[in-house]
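sequence isn't available, so here's the structure alone:
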């Protein structure tokens with residue numbers, strides 16, 4: 001069996017498991033029957049595999065894909081954050097807990113290199129983005145930020161998922 005180690009190294013998952021993960025990552029509402037057709041297995045076999053993937057922590061949850069434009073959070077930016085002292089996890093938790101009107105810190109990554117954290121944020125305007133940056137700079141161990149505003153996105157999902165499993169266009 002050609003396989004890939006799971007994150008914790010406890011067992012090997014195979015290509016079929018990866019196909020199932022890709023399909024569910026693309027559309028968490030796919031029926032087990034549909035997944036079974038896509039990967040050429042029976043529905044009971046898919047049920048067992050999905051259950052095992054959930055129990056082993058490979059699949060940790062399901063979420064809706066949101067059209068952020070329709071709810072007014074169309075401005076996307078990446079903010080690099082430089083810190084000094086302290087544990088990065090503590091600073092990251094402080095940042096995630098920030099509440100700035102009309103702004104969502106969607107992702108917070110601890111990274112290597114010149115910068116310590118990389119944030120992906122969604123907001124309604126450059127004014128609310130500036131408010132967030134100002135609040136970030138008020139955090140005692142934050143030493144600097146660098147922001148890049150996204151003009152457009154070619155895609156935010158795995159490109160190799162089966163086209164027919166993609167959500168319908170609005």
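Now that the structure is in, tell me what you want to look at. The structure presented is a predicted model; accordingly, all values stated were derived computationally and were not measured. Numbers count the residues shown, from 1 in each chain.

all contacts plus neighbour counts: C-alpha atoms, from now on.
Noted.

now stretch 153-161: mean pLDDT?
Stretch 153-161 shows a mean pLDDT of 61 in the predicted model.

what's the closest non-adjacent residue to the one residue sitting closest to the centre of the chain?
Centroid check for the chain by CA atoms, centre = their mean gives residue 107 as the closest residue, at 6.7 Å. Excluding its sequence neighbours, the residue lying closest to residue 107 (CA to CA, 6 or more residues apart in numbering) is residue 120, at 5.0 Å.

packing partners of whichever helix or strand the residue nearest to the centre of the chain is part of?
If you go by DSSP states H and E, residue 107 is part of strand 103-110. Contact here means 3 or more CA pairs under 8 Å, 6 or more residues apart in numbering; DSSP states H and E; on that basis strand 103-110 packs against helix 88-97, strand 117-123, helix 126-138.

contacts for the longest one next, please.
Contacts to helix 126-138, defined as CA atoms under 8 Å, 6 or more residues apart in numbering, come from residues 75, 95, 98, 100-103, 123, 142-145.

list the buried residues for it?
128-129, 132-133, 136-137 (16 or more other CA atoms under 10 Å).

farthest-separated two in those residues?
Largest separation among the buried residues of helix 126-138 by CA to CA: 128 and 137, giving 14.3 Å.

I'd like the helices and strands packed on strand 103-110 laid out as TSV, including mean pLDDT and distance to residue 52.
Conversion of those to TSV gives the following (pLDDT from 0 to 100; distance: least, CA to CA, whole Å):
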stretch	mean pLDDT	distance to residue 52
helix 88-97	92	30
strand 117-123	96	31
helix 126-138	96	40
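
relative to residue 80, which of the ones you listed is closest?
That would be, of those and by CA to CA, strand 117-123, which comes in at 4.7 Å.

output the contacting helices and strands for the closest one.
Contacts defined by 3+ CA pairs under 8 Å, 6+ apart place strand 117-123 against strand 75-83, strand 103-110.

so how far is that strand from its chain's centroid?
Chain-centre distance of strand 117-123: 11 Å, with CA atoms, centre = their mean, to the nearest Å.

span of stretch 140-153 from start to end?
33 Å (CA to CA, to the nearest Å).

and the contacts of that stretch?
By CA under 8 Å, 6+ apart, stretch 140-153 touches 75-86, 91, 133, 136-137.

most neighbours among those residues, which one is it?
Using other CA atoms under 10 Å as the neighbour test, those are led by residue 76, with 25 neighbours.

sweet, I'm off.
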